[in-house]
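Visitor: 3D, please:
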Amino acid sequence: MNLSLTLNIIDIIEEQLPNKVAIQEIAQQCGFSRSYLQHQFKATTGLSISQYQKHRLISLAAQQLAHSDQRVLDVAVEYGFESQEAFARAFRQYTCTQPSQLRGREIWAERMSFPRLNIKHLHLLSSVLSLPLTIVSQEPTRWGCYTFTIDSSSREIDIIIQTIDQAYQRLMAEPFACTLPLHRAQIMEFREHNQNVSSTYPLSIAIPFAEHETIPASLFELRLPQTQLASISLPEPNYINVAFNQLYQRVYQEHQCYFAGLPAYWIYDYQTDQLQHKFPVEPRVHAEEDRTWLLFDEKNEVLLDERHLPLSSHWIAEPQRAGTRRLTTLINHLTSSLPPTDTVDKVIFNRPDLHSTSQYQYFICSSAQPHLMIDKADPIHCEGLYLRTHWRGNDIHQLENEIENFYLRLLQHEHYQYRAGPEIIENLNVSHALRVNEVEQGAESDDDIIRFELLTPISVNKHL
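Guide: You can find the predicted model right below:
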């Protein structure tokens, strides 16, 4: 690979931004053929010249949208897109969101920033592109997770390491810590609703447990099905910031697999300084044929304008805040702290855009008992478009995994998009879930089924 040639190409592109430069013009300035330029650039960066230009344009446009009051159409024209629709399609493909969502969202723009590549980036990228990337199968696993949050929109490695060390110190201070096999622990990364607007990332110290072993009640229990994982060993932690896009592209190009959501795993070797990274993947055919896509249907769309008075307010404990994985913790609370009942009318999770922690607050609501509402409680306003989905099953952990897959498809969907707002669980059958710990292996009778409806706030753009 030719680093000096790649840097020369980058200089030519950057000098012309926000205008695009034809590859033929770049070839004439460099004195090489188009095919040779393309081959060398792709070998060094993992991107085609056209992809690099598009990534840079979208990144700069996002900054413009976040820091100005310009119309989306004006920004699209300024950055060389033939129409607002073409701009929106390119933006959605690169960022999984619409351009209008970046208005005033400086943290979001920073998180999706694609900086100009320099010599340091190219050296890191060349290593990432040459390191072995394998697909391994992970059998069903059971974890006890001690969760915590990283606050760094740019994933600064010093902040990450410091926060992980502090989390370990807090965990070691717990009375049950001496019983934990911490030498087998891994760092596990989760995903939050509306995460791009925040500078936070939910992580956990994840400890594997066998079926017969007891997980301390203070930890979040996570059960994962058999999973295909892409695995790579990075030379040292500084590779984190440049690795992601290239790894996902390599998984597709080399194995015809897509990124399959979180959790992902980080395992640091203090002796060698190597950082092993594993993340779920799925074959392209499996992703395309997933029946979860059928949930995204106009018949499931519901327009709400409701106010609900809470009977009680609760918070998920800090060591159990595993991003969007809230269902198991909710059921455990309802079945251990509340009187048995056939159904809970409504559980409403607070909107995530109030504060990065507000999504871990939930309210128990009932239309049948308004006299029991919290004194002086403000009504919870649920308005706008929602997607109503129905869920049922014998195993709460399996249901939680299925809902995580639903959130992944929502993130990937061409037209539907998550919208920050209260998320609602309706008609939750709690009485059958009371024996959830006794039926985790699956019940044979339909009488032991957990049922509920999930209303997820969404926006829809069907013109793309």
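Visitor: my guess is Q38 meets L47, correct?
Guide: No: between Q38 and L47 there is no contact under Cβ atoms under 8 Å: 10.3 Å. In this view, the C-beta of every residue, glycine as well, is placed from N, C-alpha and C.
Visitor: which stretches of the stretch 251-400 of the chain form helices?
Guide: 284-289, 327-337, 396-412 (DSSP state H, counting those that start in this stretch).
Visitor: and these, which one is worst for confidence?
Guide: When those are ranked by mean pLDDT, helix 327-337 comes last with a mean of 87.
Visitor: to the chain's geometric centre, what's the distance from that one?
Guide: In terms of Cα atoms, centre = their mean, to the nearest Å, the centre of helix 327-337 is found 24 Å from the chain centre.
Visitor: Kindly report the same for stretch 256-268.
Guide: 11 Å.
Visitor: what's the average pLDDT for it?
Guide: Stretch 256-268 comes out at a mean pLDDT of 94.
Visitor: Quick check: end-to-end length of that stretch?
Guide: 28 Å (Cα to Cα, to the nearest Å).
Visitor: List the buried residues for it?
Guide: 257-266, 268 (16 or more other Cβ atoms under 10 Å).
Visitor: Go through the helix or strand containing S35 and flag the buried ones.
Guide: Secondary structure from DSSP states H and E places S35 in helix 34-45. The neighbour-count check on helix 34-45 (16+ other Cβ under 10 Å) flags 37-38, 40-42, 44-45 as buried.
Visitor: Same check on stretch 387-396?
Guide: 387-389, 391, 393-396.
Visitor: For the stretch 351-464 of the chain, just list every one of the strands.
Guide: Ranges of strands within the stretch 351-464 of the chain are 361-365, 380-393, 416-418, 423-429, 450-460, based on DSSP state E, counting those that start in this stretch.
Visitor: Also the stretch 151-300 of the chain?
Guide: Under DSSP E, counting those that start in this stretch, the stretch 151-300 of the chain gives strands at 186-189, 200-208, 220-224, 227-234, 257-259, 264-268, 275-283.
Visitor: looking at those strands, which is closest to N332?
Guide: strand 220-224 (8.4 Å; Cβ to Cβ).
Visitor: That closest one packs against which elements?
Guide: strand 141-151, helix 327-337, helix 396-412 (3 or more Cβ pairs under 8 Å, 6 or more residues apart in numbering; DSSP states H and E).
Visitor: quick one, phi psi at A66?
Guide: phi -70, psi -30 (degrees, to the nearest 10).
Visitor: Three-state assignment for the spatially closest residue to it that is not a sequence neighbour, please.
Guide: Among residues not flanking A66 along the chain, A109 sits closest, at 3.7 Å (Cβ to Cβ, 6 or more residues apart in numbering). Following DSSP: H, G, I helix; E, B strand; the rest coil, A109 is assigned to helix.
Visitor: burial count for A109?
Guide: By other Cβ atoms under 10 Å, the residues close to A109 number 22.
Visitor: Surely it is in contact with S68?
Guide: No: using Cβ under 8 Å, A109 makes no contact with S68, being 11.0 Å away.
Visitor: Would you enumerate the residues in contact with the closest residue in space to Q274 that isn't next to it in sequence?
Guide: In space, and not counting its chain neighbours, Q274 is closest to S233: 5.2 Å by Cβ to Cβ, 6+ apart. Neighbour list for S233: 131-132, 274-277 [criterion: Cβ atoms under 8 Å, 6 or more residues apart in numbering].
Visitor: Buried subset of those, written for ChimeraX?
Guide: Buried members of these, defined by 16+ other Cβ under 10 Å, are picked up in ChimeraX with:
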select :275,277
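Visitor: biggest separation within the contacts of S233, which pair?
Guide: P132 and L275 (14.4 Å).
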